[in-house]
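A.B. asks: I would like the atomic coordinates for the input below:
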Amino acid sequence: MDPNGGQIGIKPIEEARWLASQLELDLVEVAPDARPPVVRLMDYGKFKYEQSVKAREARKKQTRTVVKEVQFRPKIGASDFEVKRKRVMRFLQENDKVKVTMRFRGREVTHPEIGNEILSRLRDSVVDYGEVEIAPRLEGRQMTMVLAPVRSSERPTEDIESDDADEDVTVEKTDE
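C.D. replies: Numbers count the residues shown, from 1 in each chain. This is a model prediction of the structure:
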């Protein structure tokens, strides 16, 4: 095959090598199992470079699934619940899955309905941003639920303000 993809025909290997050297191209075996074997005249370095560019572009378009975790306790206060709810909404807006964990201590595990009620309240408050992928399930001393983000076409456009108490922001001012 010629560099443009056209057929040259069946040639002896010596003639194919001579033709490749005259055109300053490489002789690349495309289908070694065929009878006779199919070879192509091409610039192999350029071919490898184009393949790496295509692979890089494919990696850019690829999305990675990230699972972030937010932990709750059964005796959570209303303001703490709101802070964690906003954090869950922000993670869902960033298209990350959220694993919500309700941790029970001591005798709190005897009342899983309290944890279930808090998780269902959270689920109802973020229904516009995420949907339940794995329903709340009690495993040992913790109850877990996984929320997945809804598609961006179904999501509201408002942005969630971030007032997380445990995130520090440092601003440095330089004089130039």
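
A.B. asks: and the contacts of the worst-scoring helix or strand of the chain on mean pLDDT?
C.D. replies: Sorting the helices and strands of the chain by mean pLDDT, DSSP states H and E puts strand 26-31 at the bottom, at a mean of 77. When contacts are defined by C-beta atoms under 8 Å, 6 or more residues apart in numbering, strand 26-31 is touched by residues 1, 16-17, 20, 37-44, 47. In short, each C-beta sits where N, CA and C put it, glycine included.

A.B. asks: pick the one among these closest to V100.
C.D. replies: F47 (49.0 Å; C-beta to C-beta).

A.B. asks: beta-bridge partners for the closest residue to that closest one other than its chain neighbours, please?
C.D. replies: In space, and not counting its chain neighbours, F47 is closest to V28: 7.7 Å by C-beta to C-beta, 6 or more residues apart in numbering. Going by DSSP bridges, V28 is paired in beta bridges with R40.

A.B. asks: any idea which element S79 lies in?
C.D. replies: helix 78-93 (DSSP states H and E).

A.B. asks: pLDDT on that helix, on average?
C.D. replies: Taken as a whole, helix 78-93 has a mean pLDDT of 90.

A.B. asks: can you give me the strands in this protein?
C.D. replies: 26-31, 38-42, 67-72, 97-103, 130-139, 142-149 (DSSP state E).

A.B. asks: which strands or helices does the longest one pack on?
C.D. replies: I take that to be strand 130-139. helix 78-93, strand 97-103, helix 112-125, strand 142-149 (3 or more C-beta pairs under 8 Å, 6 or more residues apart in numbering; DSSP states H and E).

A.B. asks: TSV for those, including distance to R56 and mean neighbour count?
C.D. replies: Listed next are the helices and strands packed on strand 130-139 as TSV, based on distance: least, C-beta to C-beta, whole Å; neighbours: other C-beta atoms under 10 Å:
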stretch	distance to R56	mean neighbour count
helix 78-93	27	17
strand 97-103	26	20
helix 112-125	39	16
strand 142-149	26	20
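
A.B. asks: do you know which of these lies nearest V66?
C.D. replies: So among those, strand 97-103 is nearest, using C-beta to C-beta, at 7.0 Å.

A.B. asks: which other residues reach that closest one?
C.D. replies: 65-74, 88, 91-92, 115, 118-119, 122, 130, 133, 136, 141-149.

A.B. asks: related to what we said a few turns ago, out of the helices and strands packed on strand 130-139, nearest to K61?
C.D. replies: strand 142-149 (17.9 Å).
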